[in-house]
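Trainee: Generate coordinates for the sequence data below:
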Amino acid sequence: MLSLRAFTRSAPRAFTRSVSVAARPASRLPTAFSRPTSLQSSLTKYQHSAFSTARVLREPAGESDVELAAKLDDELGHEKVNNAVDAPAEAVKAFLEFESNPWKVKDVAGEQEVVLTRKFGNESIRATFTISDLQNLQEEDFDDLAEGEFDEHAAANQAQTGQAVGVHPEDQLSPADRGYDETSQASFPVRVSITIEKPGNGALLIHTAAQDGVFEIEDVYHFAKADLANAETAEKDWTRQSLYGGPIYSNLDEDLQALFERYLEERGFDAELANFIPDYITVKEQKEYARWLGNLKNFVSA
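Mentor: Residues are numbered from 1 along each chain as shown. Here you go, the predicted model:
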């Protein structure tokens, strides 16, 4: 059986050969009793096999399809079992169901970006973050984060002066007073872009990093046109980059920095939200990974 690639290569040659043979002047007229030459017989057979595509079109699926689909299904089941009871998921659920929670969440399945919105007086506040911050962490980054938390825990277990080595200082504390939780996950920084708009007064754009219950401010910008703060088009982003963005934030007076932190905290950017955002990213990344596995499995199995 000819493969599809062999068919596409041989078809033009067969067509050319048949045309050239037909164009030759006949040396003698064939009679009813003349027999086809060996060349004509082979040419007829060759042309027939070259244009026979029935078997090619019925080519079965690859041998690895079934095995790959089964492995994807196994991985999907494993992911669902591991995430059935998840601490970050419980924390996210508790935060969103809290009665006085002012935030509304915009989370589109299949997209990386998550948007939180709320009103504060006449201000429209928007906080944007993405699961790519978690995906971009390399394995060594997780090792460094876990190692840092382990070092803090180990330092707390060191014996004090006049105390036996086998007695840990934390053993004298209630579980609620301990700063280390064995079930807690290593924290990671999440970039959060905050926009605060006022009617007729433009908007502030504040770049922050949320980690360990703190929003660390990196930059503060003001735009006379509020739409430049979000810069949803390449043109607006280019215009925004051409504007003066202020001094390096860390060079500002410390009292001024403290007031900016208080300014954000009054608008809901507190320790609770700074802990919620990394948890939300963790939960969403797990959901998107499971969705990705399911889509691949369905495609391979189709």
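Trainee: May I ask you to confirm that Glu197 is in contact with Ser124?
Mentor: Yes: with contact defined as CB atoms under 8 Å, Glu197 and Ser124 form a contacting pair (4.5 Å). For glycine as for every other residue, the C-beta is placed from the backbone atoms N, C-alpha and C.
Trainee: Between those two, point out the one with more neighbours.
Mentor: Glu197 (20 against 16; other CB atoms under 10 Å).
Trainee: What segments of the stretch 101-250 of the chain are strands?
Mentor: 104-107, 113-120, 123-130, 190-197, 203-211, 214-223 (DSSP state E, counting those that start in this stretch).
Trainee: Export those to TSV and append columns for mean pLDDT and distance to Thr282.
Mentor: TSV is the format used below for the strands of the stretch 101-250 of the chain (pLDDT from 0 to 100; distance: least, CB to CB, whole Å):
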stretch	mean pLDDT	distance to Thr282
strand 104-107	95	13
strand 113-120	97	12
strand 123-130	97	12
strand 190-197	97	10
strand 203-211	96	13
strand 214-223	96	18
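Trainee: What does Leu293 show for phi and psi?
Mentor: phi -60, psi -40 (degrees, to the nearest 10).
Trainee: number of nearby residues for it?
Mentor: By other CB under 10 Å, 20 other residues sit near Leu293.
Trainee: what do you get for Tyr244?
Mentor: 7.
Trainee: any idea how far it is from Thr117?
Mentor: 28 Å (CB to CB, to the nearest Å).
Trainee: Contacts only, for Ile206.
Mentor: Neighbouring residues of Ile206 by CB atoms under 8 Å, 6 or more residues apart in numbering: 193-196, 217, 219-221, 260, 264.
Trainee: Which strand residues bridge it?
Mentor: Ile206 has the following beta-bridge partners by DSSP bridges: Ile194, Val220.
Trainee: Quick check: buried residues in stretch 238-253?
Mentor: By 16 or more other CB atoms under 10 Å, the buried positions in stretch 238-253 come out as 240, 249, 252.
Trainee: Kindly reformat the residues you listed as JSON lines containing pLDDT and distance to Asn295.
Mentor: Converted to JSON lines, those look like this (pLDDT from 0 to 100; distance: CB to CB, whole Å):
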{"residue": "Arg240", "pLDDT": "80", "distance to Asn295": "35"}
{"residue": "Tyr249", "pLDDT": "95", "distance to Asn295": "41"}
{"residue": "Leu252", "pLDDT": "96", "distance to Asn295": "47"}
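Trainee: and which of these is nearest to Pro88?
Mentor: Tyr249 (29.7 Å; CB to CB).
Trainee: give me the low-pLDDT residue ranges for the stretch 201-302 of the chain?
Mentor: By pLDDT under 70, the stretch 201-302 of the chain contains no weakly predicted segment.
Trainee: Could you pull out the helices in the chain for me?
Mentor: Ranges of helices within the chain are 4-23, 38-50, 54-57, 64-82, 87-97, 132-135, 139-156, 227-230, 234-241, 254-266, 271-301, based on DSSP state H.
Trainee: what is the mean pLDDT for the third one?
Mentor: What that stands for is helix 54-57. What helix 54-57 shows for mean pLDDT is 53.
Trainee: Could you single out the nearest of the buried residues of stretch 238-253 to Phe299?
Mentor: Arg240 (39.5 Å).
Trainee: Measure how buried the nearest residue to Leu72 once chain neighbours are set aside is and give me the count.
Mentor: Of all residues not flanking Leu72 in the chain, Lys297 sits nearest, at 4.0 Å (CB to CB, 6 or more residues apart in numbering). Number of residues near Lys297 (other CB under 10 Å) recorded here: 19.
Trainee: What's the separation between Lys297 and Asn82?
Mentor: 17 Å.
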